[in-house]
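**Q** pasting the sequence and the predicted model now:
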Amino acid sequence: MFAKTPKPPYFAVIFTSKRTGSYPADYEHTAEAMVAGAKSQPGFLGHENTRSEDGVGIMVSYWLDLDSIRNWKANEDHRTAQAKGRSIWYEDYRVRIARVEREYSLADSEFKNSR
């Protein structure tokens, strides 16, 4: 369910998108292939994603460093998928890259310990 990430720091690529609804089977197949491809890339740490019924989705992938992110962006299969995304699958999207400095969970929180 949640990506198992190492102790920070590491990086997150946050991809927020709005689908057009075009070619859903092709999109799903390509999305699965992209996750498999990313998993084989050095520096990939995991991912989490969700998509609402209205087509808005968020995919967060976690990476060891910025070079790993650059290498994935330059991957030939990924570049082909990016081109299809721009021309067919997305009404709009945003990519944000952030350095994760801190991470904690419910199990780590003060709230749990105060119950």
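**A** Great, that's in hand.
**Q** tell me which other helices or strands the longest helix along the chain touches.
**A** Taking DSSP state H as the criterion, the chain has its longest helix at helix 24-39. Contacts defined by 3 or more Cβ pairs under 8 Å, 6 or more residues apart in numbering; DSSP states H and E place helix 24-39 against strand 44-51, helix 76-84. Any C-beta I mention is one placed from the backbone N, CA and C, and that applies to glycine too.
**Q** save those as a markdown table, and put in mean neighbour count and mean pLDDT too.
**A** Output for these, formatted as a markdown table (neighbours: other Cβ atoms under 10 Å; pLDDT from 0 to 100):
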| stretch | mean neighbour count | mean pLDDT |
| --- | --- | --- |
| strand 44-51 | 15 | 96 |
| helix 76-84 | 13 | 97 |
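**Q** want to throw these into TSV with distance to K18?
**A** Converted to TSV, the helices and strands packed on helix 24-39 look like this (distance: least, Cβ to Cβ, whole Å):
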stretch	distance to K18
strand 44-51	10
helix 76-84	15
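**Q** what does stretch 18-28 contact?
**A** Residues outside stretch 18-28 that contact it (Cβ atoms under 8 Å, 6 or more residues apart in numbering) are R51, G55, V56, G57, K84, I88, W89, Y90, E91, D92, Y93.
**Q** hmm, back to that, quick one, which of the helices and strands packed on helix 24-39 is nearest to I69?
**A** When the helices and strands packed on helix 24-39 are compared by Cβ to Cβ, strand 44-51 sits nearest I69, at 9.4 Å.
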